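Enquirer: coords below, sequence missing:
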Ligand code: SF4
């Protein structure tokens, strides 16, 4: 199977229908034993120091792994990808564009999907059949999500890892299904996490330091029970067609679609506080202003750059944030006195 790199979640059903093996380049970057080396490849090629590490890392992965075909999402994700695509083309890589429509409407989405299918030499009908095939894998990811927030038997890091991997199913959805089912069987036999733990939501793009973030939070008596973007990668609202599925996917559209989803899940999952992760030099960081206004809970904004580990500064801020939430829970009277969004 020919590999095709993706710069973020795309309608993967079309890629599979066209006979490609999708590879999420972001997941390859963070899974690399030396991700800094991949960023250096981009900086040596001339990418500016103040360019987001994900973009530089994606470039490094393409060159390091000899990826020959890439789908670059030029609308609905990151404007930097437009220029990344140009540089990839310069290096002889076939870098195709996929643009999510401006609004999550079925008609323009149908058009975008048809166009991608034609570009890859397949049809939307064939991709709809793949949608059916992927149902089991997607449902298992949602089952793990339920084991996280409802049954308290899965960790925040496990949730992050398996849900974020739904962008490409680690390149093999059948293997993904088998391995995830094994994990679910293990989780089901576990004792639940303590009922008095602090329940957190994680919103924003996946963190460069995710590997250390989730275990650190759990050591402090808290757990992430909602990973917003990662959950969206599983396509929790599949609808009746691919056009509906990718219109219900909130990440590419206005922040308001995301806020509606976040607020619903915060309520359903009994969340005590929110971590908003922002990537250095990312336009999405500005959205922090909107999230803080919309979310009626304490919000901690964490920024990452090319630090694939959790530094002491971030650890101290997380500890202080959790301590503040835990104090508020012990002294209910303090809740009315405390201003919301107190930690910046
Ligand atoms: S983190 Fe922001 S700047 Fe970086 S690739 Fe994602 S959307 Fe683009």
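Expert: Structure received. Since we're looking at a predicted model, the values are computed, not measured. Residues are numbered from 1 along each chain as shown.

Enquirer: the strands in the stretch 151-300 of the chain, which residues?
Expert: Here the stretch 151-300 of the chain has its strands, by DSSP state E, counting those that start in this stretch, at 198-203, 222-227, 273-279, 299-304.

Enquirer: make that the stretch 1-150 of the chain, sorry
Expert: Going by DSSP E, counting those that start in this stretch, the stretch 1-150 of the chain shows strands at 2-6, 20-24, 69-75, 94-99.

Enquirer: Spell out which parts of the chain neighbour the ligand.
Expert: 52, 54, 55, 77, 78, 80, 205, 279, 282, 284 (C-beta under 6 Å from any ligand atom). For glycine as for every other residue, the C-beta is placed from the backbone atoms N, C-alpha and C.

Enquirer: Serialize those to CSV and add fields for pLDDT and neighbour count.
Expert: Shown next, in CSV, are the residues of the chain next to the ligand (pLDDT from 0 to 100; neighbours: other C-beta atoms under 10 Å):
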residue, pLDDT, neighbour count
52, 96, 22
54, 97, 27
55, 98, 23
77, 92, 20
78, 92, 22
80, 96, 19
205, 96, 23
279, 97, 22
282, 95, 21
284, 94, 16
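
Enquirer: OK, contacts around the closest residue to the ligand within the stretch 151-300 of the chain?
Expert: Per C-beta to the nearest ligand atom, residue 282 is where the stretch 151-300 of the chain lies closest to the ligand, at 3.0 Å. Listed by C-beta atoms under 8 Å, 6 or more residues apart in numbering, the contact set of residue 282 reads 52, 78, 205.

Enquirer: Over to residue 101?
Expert: Here residue 101 is in contact with 75, 76, 108, 109, 111, 112 (criterion: C-beta under 8 Å, 6+ apart).

Enquirer: Most neighbours among those residues, please name it.
Expert: residue 109 (23 neighbours; other C-beta atoms under 10 Å).

Enquirer: hang on, isn't that one packed against residue 247?
Expert: Yes - between residue 109 and residue 247 there is a contact under C-beta atoms under 8 Å: 5.0 Å.

Enquirer: returning to what we had before: among the contacts of residue 282, find me the one that's closest to residue 15.
Expert: residue 78 (19.2 Å; C-beta to C-beta).

Enquirer: tell me the contacts of the closest one?
Expert: For residue 78, the contact set (C-beta under 8 Å, 6+ apart) comprises 7, 8, 52, 54, 55, 282, 283.

Enquirer: Residue 4 too?
Expert: 15, 20, 21, 22, 23, 67, 69, 70, 71.

Enquirer: Of these, which is the most crowded?
Expert: Of the contacts of residue 4, with other C-beta under 10 Å as the count, residue 71 tops at 28 neighbours.

Enquirer: Enumerate the beta-bridge partners assigned to that residue.
Expert: Using DSSP bridges, the bridge partners assigned to residue 71 are residue 6, residue 96.

Enquirer: That one and residue 89, how far apart?
Expert: Computed with C-beta to C-beta, to the nearest Å, the distance linking residue 71 and residue 89 is 13 Å.

Enquirer: and if you look at residue 4?
Expert: For residue 4, the distance to residue 89 - C-beta to C-beta - is 15 Å.

Enquirer: Then residue 36?
Expert: 26 Å.

Enquirer: what's the pLDDT at residue 328?
Expert: For residue 328, the pLDDT comes out at 85.

Enquirer: Give me the number of neighbouring residues for it.
Expert: Residues near residue 328, counting by other C-beta under 10 Å: 19.

Enquirer: Checking my notes, it in a helix, right?
Expert: Yes - counting by DSSP: H, G, I helix; E, B strand; the rest coil, residue 328 is located in a helix.

Enquirer: Okay, now the unreliable bits of the stretch 201-344 of the chain?
Expert: 331-344 (pLDDT under 70).

Enquirer: Spatially nearest residue to the residue most central in space within the chain, not counting backbone neighbours?
Expert: Geometric centre of the chain, nearest residue: residue 230, 3.6 Å, by C-alpha atoms, centre = their mean. Setting aside the residues directly before and after it, residue 230 is nearest to residue 163 in space (C-beta to C-beta, 6 or more residues apart in numbering), at 3.8 Å.

Enquirer: got the contact list for the one you found?
Expert: 141, 144, 145, 227, 230, 231, 233, 234.

Enquirer: Residue 61 too?
Expert: Applying C-beta under 8 Å, 6+ apart, one finds that residue 61 lies in contact with 5, 25, 28, 29, 32, 38, 67.

Enquirer: Residue 176 is in contact with residue 165, isn't it?
Expert: Yes - contact between residue 176 and residue 165 holds when scored by C-beta under 8 Å: they sit 6.8 Å apart.

Enquirer: Can you lay out the strands of the stretch 1-150 of the chain as a markdown table showing mean pLDDT?
Expert: Compiled in a markdown table, the strands of the stretch 1-150 of the chain are given as follows (pLDDT from 0 to 100):
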| stretch | mean pLDDT |
| --- | --- |
| strand 2-6 | 97 |
| strand 20-24 | 98 |
| strand 69-75 | 97 |
| strand 94-99 | 98 |
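
Enquirer: Those: which one's closest to residue 257?
Expert: Within those, the stretch nearest residue 257 is strand 69-75; the backing value is 15.0 Å (C-beta to C-beta).
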